[in-house]
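Visitor: Below are the sequence and a predicted model; questions follow.
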Amino acid sequence: MLKIKDLHASVEGKPILNGINLEVKTGEVHAIMGPNGSGKSTLASVIAGKEEYEVTKGEIILENEDIEELSAEERAHNGIFLSFQYPIEIPGVSVTNFIKTAINETRKAKGLGDMPAKDMLKMIREKSELLEIDRKFLSRSLNEGFSGGEKKRNEVFQMAMLEPKLAILDETDSGLDIDALRIVANGVNKLKSKDNAVIVITHYQRLLEYIVPDVVHVLYEGRIVKSGGKELAHELEEKGYDWIKEEVNA
Ligand SMILES: Nc1ncnc2c1ncn2[C@@H]1O[C@H](COP(=O)(O)OP(=O)(O)OP(=O)(O)O)[C@@H](O)[C@H]1O
């Protein structure tokens, strides 16, 4: 699904990613952890193709295609979904209208016409039920006055509707209370299939109790310095990152 080879990236001339190697296969869930400022969100943004980040070296390959030259929009059309740490508000555009537009734009890029209204409504009904989202919520302006938990739930709803091949969830646990965390995680688990893959960026082992990762990576100073199974997340929660830093600097 995704292969990243020796990826280096900078922002405003400052190197942030210093040689990332990562392979995510279909059906897998990978967690990325690491201290503040280690480059986790930058990695997510670079995969999604955000313009402010400059790739200075390396390759990002999605399903055997080098996506380096593709814009963020084209990458989204190719099935990459990135949830944002700080989602934007769009007053006057409802959650439903936003998602309809996003789905139809993706279809257009594939040479398809708009999704018939009946199918769209059916999908909205199914996915909102899956994620236990109140229908009233769907007519509200996108993210305007949403609580932290509502924002996150809305993002997972967008993901459910767009059915991406590769979903990158950045700090999905921030702002979620325990019940919402469980609902969001259950939603992600239900959306997981043998044909897609998920990368979860998180600071806490808590989320990984619900979305169980196949592989956990530790990012430090722009490199993946350790990878392991889900037990690595427990170890990090217990011991923090100093031992990793010592290992790297030894
Ligand atoms: N758009 C930007 N402009 C300037 N600096 C940036 C930008 N994006 C990231 N950086 C810098 O890159 C470094 C890595 O940031 P990044 O957000 O990727 O880390 P992180 O591991 O996700 O951190 P956190 O755990 O705090 O969310 C930081 O020093 C940050 O200030």
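Guide: Happy to help now that I have it.

Visitor: and the residue nearest the centre of the chain, bridged to which residues?
Guide: Nearest residue to the geometric centre of the chain (CA atoms, centre = their mean): Ile168, 1.7 Å. Here Ile168 sits in beta bridges with Leu82, Ile199, going by DSSP bridges.

Visitor: For it, list the residues it contacts.
Guide: Listed by CB atoms under 8 Å, 6 or more residues apart in numbering, the contact partners of Ile168 are 44, 47-48, 80-83, 198-199, 201. Where C-beta positions appear, they are placed from N, C-alpha and C, glycine not excepted.

Visitor: Same list, these, but only the ones touching the ligand.
Guide: Among those, no residue lies close to the ligand (CB under 6 Å from any ligand atom).

Visitor: min pLDDT across those residues, which one?
Guide: Of all these, Ser83 carries the smallest pLDDT score, 83.

Visitor: okay, now that residue: neighbour count?
Guide: By other CB atoms under 10 Å, 22 other residues sit near Ser83.

Visitor: Stretch 2-20: how far from the chain's middle?
Guide: Centroid separation for stretch 2-20 versus its chain: 18 Å, with CA atoms, centre = their mean, to the nearest Å.

Visitor: Flag the shaky bits of the chain, pLDDT-wise.
Guide: Residue ranges of the chain with pLDDT under 70: 84-87, 172-174.

Visitor: Please enumerate the helices of it.
Guide: Using DSSP state H, the helices found in the chain span residues 40-48, 72-77, 95-109, 117-130, 148-162, 178-191, 205-210, 230-239, 242-249.

Visitor: Quick check: which of these is buried the most?
Guide: Stretch with highest mean neighbour count among those: helix 40-48 (a mean of 23; mean count of other CB atoms under 10 Å).

Visitor: Can you name every helix or strand that that one contacts?
Guide: Helix 40-48 is packed against strand 2-11, strand 14-24, strand 29-33, strand 53-62, helix 72-77, strand 80-83, strand 166-170, strand 197-201, with contacts defined by 3 or more CB pairs under 8 Å, 6 or more residues apart in numbering; DSSP states H and E.

Visitor: Residues of the protein that sit close to the ligand?
Guide: Counting by CB under 6 Å from any ligand atom, the residues of the chain close to the ligand are 11-12, 16, 34, 36-42, 52.

Visitor: So what touches stretch 8-25?
Guide: By CB under 8 Å, 6+ apart, the residues outside stretch 8-25 that reach it are 1-7, 30, 39, 42-43, 46, 52-58, 166, 197, 199, 217, 219, 221-224.

Visitor: go again using 7 Å as the cut-off
Guide: For stretch 8-25, the surrounding residues in contact (CB atoms under 7 Å, 6 or more residues apart in numbering) are 1-7, 30, 39, 42-43, 46, 52-58, 197, 199, 217, 221-224.
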